[in-house]
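1. here is my input; please provide its structure:
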Amino acid sequence: MIYPIAVFPGDEQNAWGVEVPDIPGCFSAGDDFDDALAMAREAIQTHLQLLADDGAAIPAPQSAAVHSAEPEYEGCVWAMVDIR
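-> Here you go, the predicted structure:
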């Protein structure tokens, strides 16, 4: 599955934040954009494994276009993370 992620740019004092809109409670961060992407993949995999272990439904990803119109994601960069 390919999940869109919202990446909030960091600066010299703040990490790059990541939110996975299709997976409630799935957040991460990284020191730079590339690190944020890697940490997002790890967060998604861990979150999905916990859901599977609990017998909960795995949320289906929506397109980034669906989420990008939401005001809480203004100013973020969108990326896609492939989880296999």
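2. and the residue nearest the centre of the chain, what is it in contact with?
-> When C-alpha atoms, centre = their mean is applied to the chain, the residue found nearest the centroid is Val20 (2.9 Å). Applying C-beta atoms under 8 Å, 6 or more residues apart in numbering, we find Val20 in contact with 3-6, 26-27, 40, 43-44, 47, 81. All C-beta atoms are positioned from the backbone trio N, CA, C, and that covers glycine.
3. narrow those to those that are buried.
-> 3-6, 26, 40, 43-44, 47, 81 (16 or more other C-beta atoms under 10 Å).
4. can you list these in CSV and add secondary structure, distance to Glu72 and pLDDT?
-> Converted to CSV, the buried ones among the contacts of Val20 look like this (DSSP: H, G, I helix; E, B strand; the rest coil; distance: C-beta to C-beta, whole Å; pLDDT from 0 to 100):
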residue, secondary structure, distance to Glu72, pLDDT
Tyr3, strand, 17, 97
Pro4, strand, 14, 97
Ile5, strand, 14, 97
Ala6, strand, 8, 97
Cys26, coil, 15, 97
Ala40, helix, 17, 97
Ala43, helix, 18, 97
Ile44, helix, 19, 98
His47, helix, 19, 97
Val81, strand, 19, 95
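5. just the residues you listed now: which is nearest Trp16?
-> Set against Trp16, the nearest of those by C-beta to C-beta is Ala40 (9.6 Å).
6. how far away is the closest one from Gly55?
-> Distance from Ala40 to Gly55, counting by C-beta to C-beta, to the nearest Å: 25 Å.
7. neighbouring contacts of the worst-scoring helix or strand of the chain on mean pLDDT?
-> One helix or strand of the chain scores below all others by mean pLDDT, DSSP states H and E: helix 64-68, with a mean of 92. For helix 64-68, the external contacting residues (C-beta under 8 Å, 6+ apart) are 4, 6, 21-22, 73, 78, 80.
8. which one (most neighbours) among the residues you listed?
-> Ranked by the number of neighbours (other C-beta atoms under 10 Å), the contacts of helix 64-68 place Ala6 first, at 23 neighbours.
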